[in-house]
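[1] structure for the following, please:
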Amino acid sequence: MPEPINDLTQQDAFLQEVNGVVQAVLFSNEENGYTVLKLRDENDEVQTVTGCFPYLAPGETILATGEWVTHPVYGRQFKADFAQRLLPTSPQAIYDYLAGGAVKGIREATATLIVSAFGDQSLQILEHSPEKIGAIHGIGMKKAAEFSEYYRKQTSMRSLLDFVCAFGCRPVLAVRLFQSYGEQAVEKLRADPYLITASHIGGFFGEADNMALELGFAADSPARIRAAVLFELIHNLNNGHCFLPEKALIQATCSLIEVEQESVSQRIEDLAETRQIIREEINGLSACYLPELYQAENYLARRLGEMCRDSYPIAQDAEKLIRCVEEKNGLRYAAKQKEAILAAIQNRVFIITGGPGTGKSTIVRAILDLFEMQHLKTFLTAPTGRAAKRLEEITGRSASTTHRLLGSQFAEDGERVVFAKNEEDPLTCDAVILDETSMVDILLLEALLRALPGEARLILVGDADQLPPVGPGNVFRSMINSGIFPMARLTEIFRQEEGSRIVSNAHLINDGQIPDFSLNQGGFFRMKRLEAATSVETITELCTTRLPQRMHLRPEEIQVLSPTRRGELGTVSLNRVLQKALNPPEKGKAEKQYGEVTFREGDRVMQIRNDYDLLWRNEEGTAGGSGIYNGDIGIIRRIDATSELIEIDFDGKIAAYHFSNLNELEHAWAVTVHKSQGCEFKAVIFALSGASKLLLSRSILYTGITRAKDLLILVGDDAVARTMIANDRKSTRYTFLKKRLEQFGPLA
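    Residues are numbered from 1 along each chain as shown. From the prediction side, this is the model:
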């Protein structure tokens, strides 16, 4: 039984302080409050300070808490985590504040008029009595009202910021709260501090809980327990669960906030009555869902169950059609392949599953040819950019990511992802072929089905033995195990380069057998290293000299994989070492320090979350679009310190990142096996690293090995590989999709 996992945020205890008067604001991002400023400190020295300071203006006094860092271009500066802000009080300071542009529309001349009239009361008058300012000759009532409205907005924002930071919460949360609730934000937070845990605000449960307890909420208050229950359900989406059993949910919540089970049970009743969670009894188990997951699971079961019964007659003689495709492609299909091809074009929904080299791509190309013969417009899609590009290379046709196909974007409230294509505006096609379906979570497949026209066909292709999706559910395996869908299970190996052992060894490993690791040939090599440090040295040599010189491989054709992020052979440590070896600092090569990470021109980086709004253009600048997605890998082409932008080339798509958004990037010379799904690399170096039992599994080793096209090198201790092969523990996820599909009955 999978266990729900809790997560609380802790604050850093080792912080420093700097205080003084703001001299100038060098940069300010209104979306997230990120600001770069010049501060004259108590020693009359001017310092550079960065942090979240929404609506900050020259003349304000701040007391900032954080740490000193060294910027590679700008040198020593103070990175603030929190700050107290004080408005100016003397007439001269107020004039400097207003004249410096603190209030939109007020500059030197208007500031002089206001301060001359009201002196040290100017800001109070501006906030509460704008009609007095409007009476000043040269200003007028309309302008005064606009000045006052803007200043009151600033005042509300400042009050909210002070309120949020007083409880140790991150300042950026105040910006998001103000965007959602405006001047009512503080009042709403006092009533329910757990508002900040909403997905569009992004607060941690620990931050909200600390605020609530300090505001006097009882440890067993209904609001606290309800928030903890919802947090557990939301948090466990990241563990792949569509629901949690009520007993497990109660236990996890009790463990999180240390309350009695009876109290949690009562609050679950409250949430069920208000439909904030959905409870359903299935097979004697009380399942607790978030509404959107309940809807997705039921919609998929109903829609797919209906589709799996639809079939289409073949317009011409089947054998004649197959011969036409064979002649076009210059090959002969095996009997099982013919069966799969014909079944695929006769059924409205069809599954093709099999390991590497079993002919999935050959069948997909044949299906496309037959669809074209029948004048069926077909869209090709895959869950990641690299998988879509590989699909294009395999078929010779255009393919796109599923998110791009559906026109994904953030809703106006910033809380959720919405899709332009849906029931009201469906895709204009007769068929969709979805590759790498094992990576697709339940919410994405729901979106695709909602956008699929009523009579359109759906072909699902993938390897069910690879890792399940990062998101909730295990849709592909649930569909296969339900037994209701027409399907081709491919087991015979058709594609394997002469003498290659990558595909055959992958199948051995998937069957629980241990390959002959001493047989270093056929593209499958093992380099036994018993110490982590020695493994790191070997991996570095392979990437820098041995493979480029002996195998004539370019660095971008080599990918290091690891089961884990942690430890000497984890991706974080390996990326530091590989950056130093493959892209060391040079004179004239720009860098950007971001926390403990240095981004440098020439670095290989990966996008680690979906960014639907990030704009990109092609290299010529003649076309473009929006959206860079989780798992996309690119090269840093340019770092511009003046504009604070990093330009990255994602396989011909050029995107610009502001320095404040670098939390979306990681170095990618080494990536985890999970992040490599859907990709294929000419050469893969697999770091046999010690890790948790969950990560040292057969499916992770199998998935990593099947990423290699021509060359696979295992580096490390054979014992780790043997442990992984022996550990056939599957990722168990709470989902009832299979059970819901089974109600439609087995195929005849």
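
[2] dump the residue contacts of residue 224.
    Contact partners of residue 224, counting by C-beta atoms under 8 Å, 6 or more residues apart in numbering, are 194, 209, 212, 217, 218, 257. Quick note: C-beta positions are derived from backbone N, CA and C, even for glycine.

[3] farthest pair within those?
    Farthest-apart pair in the contacts of residue 224 is 194 and 218; separation 13.8 Å (C-beta to C-beta).

[4] who's more crowded, those two?
    Using other C-beta atoms under 10 Å, the more surrounded residue of residue 194 and residue 218 is residue 194, with 22 against 12.

[5] so the more buried one, which state does it fall into?
    helix (DSSP: H, G, I helix; E, B strand; the rest coil).

[6] what is the helix or strand harbouring residue 111 packed up against?
    Here residue 111, judged by DSSP states H and E, is contained in helix 108-118. Counting contacts by 3 or more C-beta pairs under 8 Å, 6 or more residues apart in numbering; DSSP states H and E, helix 108-118 packs against helix 91-99, helix 122-128, helix 130-134.

[7] so the first one versus helix 108-118, what angle?
    Read that as helix 91-99. 140 degrees (axes from the mean of the first three to the mean of the last three C-alpha atoms, to 10 degrees).

[8] contact partners for residue 594?
    659, 662, 663 are the contacts of residue 594 under C-beta under 8 Å, 6+ apart.

[9] quickly list what it is bridged to.
    residue 597 (DSSP bridges).

[10] any figure for the gap between it and residue 370?
    Using C-beta to C-beta, to the nearest Å, residue 594 is found at 51 Å from residue 370.

[11] how about residue 252?
    50 Å.

[12] what does the helix holding residue 111 contact?
    Residues contacting helix 108-118 (C-beta under 8 Å, 6+ apart): 91, 94-95, 98-99, 106, 122, 125-126, 132-133, 136, 138-139.

[13] rewinding a little: please pick the buried ones from the contacts of residue 594.
    Neighbour-count burial (16 or more other C-beta atoms under 10 Å) applied to these gives 659, 662.

[14] turn the contacts of residue 594 into CSV, including distance to residue 307 and secondary structure.
    Shown next, in CSV, are the contacts of residue 594 (distance: C-beta to C-beta, whole Å; DSSP: H, G, I helix; E, B strand; the rest coil):
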residue, distance to residue 307, secondary structure
659, 47, helix
662, 43, helix
663, 40, helix
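
[15] ok, now which ones touch the closest residue to residue 100 other than its chain neighbours?
    Distances taken as C-beta to C-beta, 6 or more residues apart in numbering put residue 58 closest to residue 100, at 3.6 Å, once the chain neighbours are dropped. Counting by C-beta under 8 Å, 6+ apart, residue 58 makes contact with 22, 23, 24, 25, 96, 97, 100, 101, 102.

[16] got it, and residue 38?
    Contacts of residue 38 by C-beta under 8 Å, 6+ apart are 22, 23, 24, 26, 46, 47, 48, 49.

[17] how far out from the middle of the chain is the helix or strand encompassing it?
    Using DSSP H and E, residue 38 maps to strand 34-41. Remark: strand 34-41 is offset 31 Å from the chain centroid, using C-alpha atoms, centre = their mean, to the nearest Å.

[18] can you name the next helix or strand after that strand?
    Following strand 34-41 toward the C-terminus (DSSP H and E): strand 46-52.

[19] after that following strand, next one along is what?
    Once the chain leaves strand 46-52, the next helix or strand it forms, by DSSP H and E, is strand 61-71.

[20] that following strand: partners in the sheet, and parallel or antiparallel?
    strand 16-28 (antiparallel), strand 75-86 (antiparallel).

[21] can I get those strands in JSON lines with mean neighbour count?
    What follows is the strands paired with strand 61-71, written out as JSON lines (neighbours: other C-beta atoms under 10 Å):
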{"stretch": "strand 16-28", "mean neighbour count": "17"}
{"stretch": "strand 75-86", "mean neighbour count": "17"}
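
[22] which one, of the ones you listed, ends up nearest to residue 617?
    strand 16-28 (23.3 Å).

[23] got the angle between the closest one and strand 34-41?
    In terms of direction (the same axes, to 10 degrees), strand 16-28 departs from strand 34-41 by 130 degrees.

[24] give me the residues contacting strand 16-28.
    Here strand 16-28 makes contact (C-beta under 8 Å, 6+ apart) with 34-42, 46-49, 53-54, 56-68, 78, 80, 93, 100, 644.

[25] likewise stretch 544-552?
    Stretch 544-552 is contacted from outside by 553, 554, 555, 558, 581, 582, 683, 711, using C-beta under 8 Å, 6+ apart.

[26] what is the neighbour count of residue 67?
    12.

[27] same thing with residue 541?
    13.

[28] am I right that it sits in a helix?
    Yes: read with three-state DSSP, residue 541 is one of the residues of a helix.

[29] for the host helix or strand of residue 301, packing partners?
    Per DSSP H and E: residue 301 is located in helix 291-307. When contacts are defined as 3+ C-beta pairs under 8 Å, 6+ apart, helix 291-307 packs onto strand 278-282, helix 442-451, helix 737-742.

[30] same list (the ones you listed) but as CSV, adding distance to residue 349, mean neighbour count and mean pLDDT.
    Formatted as CSV, the helices and strands packed on helix 291-307 follow (distance: least, C-beta to C-beta, whole Å; neighbours: other C-beta atoms under 10 Å; pLDDT from 0 to 100):
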stretch, distance to residue 349, mean neighbour count, mean pLDDT
strand 278-282, 24, 14, 92
helix 442-451, 10, 23, 96
helix 737-742, 11, 19, 94
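
[31] returning to what we had before: tell me which of the contacts of residue 58 is nearest to residue 294?
    For these, the nearest to residue 294 is residue 25 (47.4 Å; C-beta to C-beta).

[32] grab the nearest non-local neighbour of residue 718.
    residue 517 is the one closest to residue 718 (C-beta to C-beta, 6+ apart), at 5.6 Å.

[33] assumed the one you found was part of a strand.
    No: counting by three-state DSSP, residue 517 is not found in a strand; it is coil.

[34] contacting residues for it?
    Contacts of residue 517 by C-beta under 8 Å, 6+ apart are 526, 528, 714, 718, 721.

[35] check which element follows the helix or strand bottoming out on mean pLDDT in the chain along the chain.
    Scoring the helices and strands of the chain by mean pLDDT, DSSP states H and E places strand 408-410 at the bottom, with a mean of 73. Downstream of strand 408-410, the next assigned helix or strand under DSSP H and E is strand 417-419.

[36] quick check: angle from the helix or strand hosting residue 147 to strand 75-86?
    In the assignment (DSSP H and E), residue 147 maps to helix 141-166. Here helix 141-166 runs at an angle of 110 degrees relative to strand 75-86 (the same axes, to 10 degrees).

[37] so after helix 141-166, what's the next helix or strand?
    As assigned by DSSP H and E, the chain's next helix or strand after helix 141-166 is helix 171-181.

[38] report the buried residues of the helix or strand just after that following helix.
    Beyond helix 171-181 on the C-terminal side, the first helix or strand identified by DSSP H and E is helix 185-191. Using 16+ other C-beta under 10 Å as the test for burial, helix 185-191 gives 185, 186, 189.

[39] summarise which helices and strands the helix or strand following helix 185-191 is packed against.
    Using DSSP H and E, the next helix or strand after helix 185-191 towards the C-terminus is helix 205-214. Applying 3+ C-beta pairs under 8 Å, 6+ apart, one finds that helix 205-214 makes contact with helix 222-235.

[40] how far does the next helix or strand after the helix it packs on sit from the chain's center?
    Of the helices and strands lying after helix 222-235 in sequence (DSSP H and E), the nearest is strand 243-245. Here strand 243-245 is found 23 Å from its chain centre; the criterion is C-alpha atoms, centre = their mean.

[41] contacting residues around strand 243-245?
    Residues contacting strand 243-245 (C-beta under 8 Å, 6+ apart): 4, 232-233, 236, 252, 285-289, 293-294, 734-736.
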